[in-house]
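Asks: below are the sequence and a predicted model; questions follow.
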Amino acid sequence: MTYAFDPEIAAAIPMLPHSDLSDLPGTRERLKGLLAEMQGSLDTTGVSVRDQLIPGPEGAPDVPVRIYVPERRTAPAAILDVHGGGFMVGDLDFDHAANLQFARELGVVVVSVDYRLSPETPFPGGLEDCYAALVWTAKNAAELGIDPARLAIHGISAGGGLCAALALLARDRGGPAIAFQYLGVPEIDDRLDTPSMRAFVDTPMWSSPRAEVSWDCYLGAGVRGGAGVPVYAAPARATDLTGLPPAYISAMQFDPLRDEGIAYAQALLAAGVTTELHLFPGTFHGSSLVQHAAVSKREVAEAIAVLGRALGVS
């Protein structure tokens, strides 16, 4: 199928990474090496970075987190970052460059969570790890120098899906307050039956066949699309979105996840939740890896502006 990609992005498609989801261990190692090569030696000037273990869910291992503390504080606020990777790949290095930028430019604390991956740990293991990180961040607000009422959650792709689920879970458990949810191209619907999901079977980086693998790993074989999948696994199934924090949702034009993100934004609005939706033209899932493209620069700049506004950064 032919797609009207942004010209700057289209020219870089042959150089983008291709992952073999049939060999997850190998893919994880290759992506880790590629990420290290792409990022090089990142400049941490102005940001203190430390890794530590925090208490995990009951009966589960401790959860690794990475904490970014800017030297120049502009607000007693924080971002809990949840990395993407289809629920199957990714670690603390996935969003390292972005988290450094958030901490440095926004002047807020960032806590990144290294949740357990599927299929080794299917739903709800990874989500419970994220919830443990949310609880820990709020509980340790004084030590981190933050106001627990000024805590945003941020995730891209599967990370966006986990953040949407985290907002639902925190609401329903009476857990820590979440000031804002940033849901970048969120993966939230296991039914895989939107027009964009049916149409985009061969798009770069992410496609409907890859989405099938992702959900089968996360939920278990034969579960996706069936009855009884919890809203905390697939937030698009939720029928009550009242009382959720304000949201920002991004969508990419030629992304299989496009329509589920748009539908979730509309459902949030219908439930009275203040929501901003932005569809970036000529893009596909993960096209922001083409960092020199003007549309990618706009996407990054908007994330910083949206989070800054939500957290009251002056």
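Replies: Sure, I can see it. Numbering: from 1, shown residues only.
Asks: SS state for Ile249?
Replies: strand (DSSP: H, G, I helix; E, B strand; the rest coil).
Asks: may I have the distance across stretch 199-206, first residue to last?
Replies: Stretch 199-206 has an end-to-end distance of 12 Å (criterion: CA to CA, to the nearest Å).
Asks: and that stretch, what's buried?
Replies: Applying a neighbour-count criterion of 16 or more other CB atoms under 10 Å, one finds Phe200, Thr203, Pro204, Met205, Trp206 buried in stretch 199-206. The C-beta positions use only the backbone N, C-alpha and C, and glycine is treated the same way.
Asks: same deal with stretch 119-130?
Replies: Applying a neighbour-count criterion of 16+ other CB under 10 Å, one finds Thr121, Pro122, Phe123, Pro124, Gly125, Gly126, Leu127, Glu128, Asp129, Cys130 buried in stretch 119-130.
Asks: restricted to helices, list the buried residues of stretch 199-206.
Replies: Judged by DSSP state H, helices contain none of the buried residues of stretch 199-206.
Asks: show me the two of those that sit farthest apart.
Replies: In the buried residues of stretch 199-206, two members sit farther apart than any others by CB to CB. They are Phe200 and Met205, at 10.7 Å.
Asks: in JSON lines, list the buried residues of stretch 199-206 along with pLDDT and distance to Ala294.
Replies: Listed next are the buried residues of stretch 199-206 as JSON lines, based on pLDDT from 0 to 100; distance: CB to CB, whole Å:
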{"residue": "Phe200", "pLDDT": "98", "distance to Ala294": "23"}
{"residue": "Thr203", "pLDDT": "97", "distance to Ala294": "20"}
{"residue": "Pro204", "pLDDT": "95", "distance to Ala294": "18"}
{"residue": "Met205", "pLDDT": "94", "distance to Ala294": "19"}
{"residue": "Trp206", "pLDDT": "96", "distance to Ala294": "22"}
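Asks: nearest to Leu279, of those residues?
Replies: Phe200 (14.2 Å).
Asks: tell me where the stretch 201-314 of the chain has strands.
Replies: Per DSSP state E, counting those that start in this stretch, the stretch 201-314 of the chain carries strands over the ranges 247-252, 275-280.
Asks: what's the most buried one of those strands?
Replies: Each of the strands of the stretch 201-314 of the chain was scored by mean neighbour count; the highest is strand 247-252, a mean of 25, by mean count of other CB atoms under 10 Å.
Asks: any idea how far apart the tips of stretch 195-215 sit?
Replies: End to end - CA to CA - stretch 195-215 spans 18 Å.
Asks: residues in contact with that stretch: which ones?
Replies: Residues outside stretch 195-215 that contact it (CB atoms under 8 Å, 6 or more residues apart in numbering): 1, 3, 13, 16, 21, 86-88, 157-158, 187, 189-190, 192, 223-224, 254-260, 284-287, 289.
Asks: kindly recompute the last result at 7 Å.
Replies: Residues from elsewhere that reach stretch 195-215 (CB atoms under 7 Å, 6 or more residues apart in numbering): 1, 3, 13, 16, 21, 86-88, 187, 190, 192, 224, 254-256, 258-259, 284-286.
Asks: would you list the buried entries among these?
Replies: Here, 16+ other CB under 10 Å leaves 86-88, 187, 190, 192, 224, 254-256, 258-259, 284-286 buried among the contacts of stretch 195-215.
Asks: so of those, which ones are in helices?
Replies: Here DSSP H is the test, and the buried ones among the contacts of stretch 195-215 give Arg258, Asp259 as lying in helices.
Asks: any stretches of this structure with poor pLDDT?
Replies: 38-40, 314 (pLDDT under 70).
Asks: so which residues of it form helices?
Replies: According to DSSP H, the chain carries its helices in the segments 7-10, 24-39, 96-106, 125-139, 141-144, 158-173, 195-199, 208-219, 258-270, 294-311.
Asks: closest one of the buried ones among the contacts of stretch 195-215 to Gly56?
Replies: Nearest to Gly56 among the buried ones among the contacts of stretch 195-215, counting by CB to CB, is Phe87 at 17.5 Å.
Asks: state the number of residues packed around the spatially closest residue to that closest one that is not a sequence neighbour.
Replies: Nearest residue to Phe87 in three dimensions, chain neighbours excluded: Tyr218, at 4.2 Å (CB to CB, 6 or more residues apart in numbering). Per other CB atoms under 10 Å, the neighbour tally for Tyr218 reads 28.
Asks: for Tyr218, what are its contacts?
Replies: Tyr218 is in contact with Phe87, Ser118, Pro122, Phe123, counting by CB under 7 Å, 6+ apart.
Asks: what's the separation between it and Ala211?
Replies: Distance, Tyr218 to Ala211, by CB to CB, to the nearest Å: 10 Å.
Asks: again, but for Ala251
Replies: Per CB to CB, Ala251 is found 15 Å from Ala211.
Asks: how about Ile54?
Replies: Distance from Ile54 to Ala211, by CB to CB: 31 Å.
Asks: neighbour count: the two, which is higher?
Replies: More crowded of Ile54 and Ala211, by other CB under 10 Å: Ala211, with 23 against 19.
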